[in-house]
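[1] the sequence isn't on hand, but the structure is:
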């Protein structure tokens, strides 16, 4: 591993380097634990949902509730008395099946509408600059720059 370089007059001390190295070790360990916890959480979730489906008390909405024998509190103070397998339904039209039905019934023009959508043509925008219709400064003023930094281990 090569020594880290710092631009400018300040060079980190040995203690600074040891401190930041320790923090990077912690970050790497926490990142690994986070991935393991995500997998474990999903596994537990699947087991709890299956248990609730089989043994929970169902209601008219299709939810299944499991009451624990005793309430418990986790570190941080949140208390739990059980869990619910909550039924959530979402619906969407199958555009392919709608089209098939509309074509079979002769309703395609009524159900499907053609729309003109205005889009930005970046090639034409830059062509306008090349032709002298826009200046480089005007183009630069149109660009928003957002900088973010990712932390990646290697």
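    Noted; the coordinates are in hand. What you see is a predicted model, and the numbers here were worked out from it, not measured in a lab.

[2] and residue 15, that one's in a strand?
    No: under DSSP: H, G, I helix; E, B strand; the rest coil, residue 15 falls outside any strand and is assigned helix.

[3] contacting residues for it?
    Residues counted as contacts of residue 15 (CB atoms under 8 Å, 6 or more residues apart in numbering): none. Yep, even glycine has a C-beta here, placed from its N, CA and C like the rest.

[4] what's the spacing between it and residue 21?
    11 Å (CB to CB, to the nearest Å).

[5] neighbours of residue 73, how many?
    9 (other CB atoms under 10 Å).

[6] and it, what are its phi and psi?
    phi -120, psi 130 (degrees, to the nearest 10).

[7] list the contacts for the spatially most central residue of the chain?
    The residue lying closest to the centre of the chain (CA atoms, centre = their mean) is residue 38, at 14.0 Å. Contacts for residue 38 (CB under 8 Å, 6+ apart) come out as none.

[8] my read is it is in a helix, agree?
    Yes: assignment of residue 38 by three-state DSSP places it within a helix.
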